[in-house]
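Student: could you look at this predicted model? Sequence included:
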Amino acid sequence: MNCRECVDHLYAFLDREVTPELERDIKQHLEECPPCGDQFDFEAAYLKFLRARCHTQGAPDELKRRVLRELFGE
Amino acid sequence: MSPNPTPTPPPVPVDEKRDSFEREALVHLDTLYRVALRLTANAADADDLVQETMLKAYRAWDQYEKGTNAKGWLLTILRHAFINEYRRRIRHPENVDLDTIEPFAVFGEIQDDDPQGAFFDKIVDDEVLRAIDQLPESFRETLVLSDVEGMSYQEIAKILGIPVGTVKSRLFRARQALQGRLYDYAVSQGYIKGTPA
């Protein structure tokens, strides 16, 4: 696997959406190629940051009450 | 009259519909709200959209095959309701030209000074959400389902009615566009040295 092929699968790899064979090939390339390793680490940090920043907000309690009231008359 | 023992009263009819709806659908209220909020970019509209989705879902509950993918089913309903009733009157600034994104431009800029992406940590939630809201709708919804809700490519493809390959390419461009915006913001705030991409 060359760098270009490796980077083409970057997000699919980080999203765990690649086949076990491809995952193995990518991991092997990353071990042998520090620049690609750095790039994958950076994008992994970015996705982790995105998830942490966006997942905090849940439905307000008032909306929960409103839904229950509408559905079940409570 | 013979003293027959009082017959055992029939069990209180358990409202099975309500029970299963609470167990399988209402538990996804937070997910529905987060997605609705990013689609509408407005808390009052998000409330209404979620409310409407839940009413529609409850009415159609008999058609849902219990124990399958309630979250995906609910999000499909939510998305259709959004397209039919909200999209027309909600205008997002769609000022990101996703066709001109240079892949991995930010990494190229920061790889010497901040290869770990430490500057991300200085960017607050509101700024990230604002940047997401600037993405074109089809890219925004793909990104939200993946990065906010953690859904698989296959699940997203099903909800959006598009091929998995399209999910991948939208996600790539959405993430790169968002990253570019966040980088520009970080530079403008002095969180990181550099020139806006």
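Tutor: That came through, no problem.

Student: three-state assignment of B:Thr31?
Tutor: helix (DSSP: H, G, I helix; E, B strand; the rest coil).

Student: in contact with the closest residue to it other than its chain neighbours, which residues?
Tutor: Sequence neighbours aside, B:Glu149 is the residue nearest to B:Thr31 in space, at 5.5 Å (criterion: CB to CB, 6 or more residues apart in numbering or on different chains). All C-beta spots, glycine's among them, are computed from the backbone N, C-alpha and C. With contact taken as CB atoms under 8 Å, 6 or more residues apart in numbering or on different chains, B:Glu149 is in contact with B:31, B:34-35, B:71.

Student: farthest pair within the residues you listed?
Tutor: Pairwise distances across these (CB to CB) peak at 11.8 Å, for the pair B:Arg34 and B:Lys71.

Student: near chain B, which residues of chain A show up?
Tutor: Proximity of chain A to chain B is confined to A:7, A:11-12, A:15, A:17, A:38-39, A:41-43, A:45-47, A:49-51, A:53-60, A:63-64, A:66-68, A:70-72 under the rule CB under 8 Å from any CB of the partner chain.

Student: B:Arg59 versus the residue located most distally from the centre of chain A, what's the distance?
Tutor: Most distant residue from the mean C-alpha position of chain A: A:Gly73, 39.5 Å away (CA atoms, centre = their mean). According to CB to CB, to the nearest Å, A:Gly73 stands 15 Å off from B:Arg59.

Student: ditto for B:Trp73
Tutor: Distance, B:Trp73 to B:Arg59, by CB to CB: 13 Å.

Student: then B:Val187?
Tutor: Taking CB to CB, one finds B:Val187 at 50 Å from B:Arg59.

Student: and the two? which has more neighbours close in?
Tutor: Between B:Val187 and B:Arg59, B:Val187 has the larger neighbour count (other CB atoms under 10 Å in any protein chain shown), namely 18 against 10.

Student: now that one: phi and psi?
Tutor: Per-residue torsions, B:Val187: phi -70, psi -40 (degrees, to the nearest 10).

Student: per-residue confidence for it?
Tutor: pLDDT recorded at B:Val187 is 92.

Student: which helix runs longest in chain A?
Tutor: helix A:34-54 (DSSP state H).

Student: hmm, the helix or strand encompassing B:Ala46 touching chain A?
Tutor: Per DSSP states H and E, B:Ala46 falls inside helix B:43-59. Yes. Counting by CB under 8 Å from any CB, chain A is contacted by helix B:43-59 at B:43, B:47, B:50-51, B:54-55, B:58.

Student: where's A:Cys36 relative to chain B, distance?
Tutor: A:Cys36 sits 11 Å away from chain B, going by CB to the nearest CB, to the nearest Å.

Student: repeat for A:Pro34
Tutor: On the measure of CB to the nearest CB, A:Pro34 and chain B end up 10 Å apart.

Student: pull the number of nearby residues for that residue.
Tutor: Burial measure for A:Pro34: 9 neighbouring residues, criterion other CB under 10 Å.

Student: which stretches of the chain have low pLDDT?
Tutor: Just going to use chain A. Scanning chain A for pLDDT under 70 picks out the ranges A:74.

Student: my question was about chain B, not that one.
Tutor: B:1-14, B:90-99, B:196-197.

Student: tell me which residues are up against stretch B:158-177.
Tutor: Against stretch B:158-177 from outside (CB under 8 Å, 6+ apart): A:11-12, A:17, A:46-47, A:50, B:72, B:75-76, B:79, B:96, B:98, B:101, B:103-106, B:135, B:138-143, B:145-147, B:151, B:153-154, B:156-157.

Student: so for it, what gets flagged as buried?
Tutor: Counting neighbours by 16 or more other CB atoms under 10 Å in any protein chain shown, one finds that the buried residues in stretch B:158-177 are B:158-160, B:166-168, B:170-177.

Student: one more: stretch B:65-77?
Tutor: Buried residues in stretch B:65-77, counted by 16+ other CB under 10 Å: B:69-77.

Student: same check, this time on stretch A:34-49
Tutor: Under the neighbour-count criterion of 16+ other CB under 10 Å, stretch A:34-49 has A:36, A:39-40, A:42-43, A:45-47, A:49 buried.
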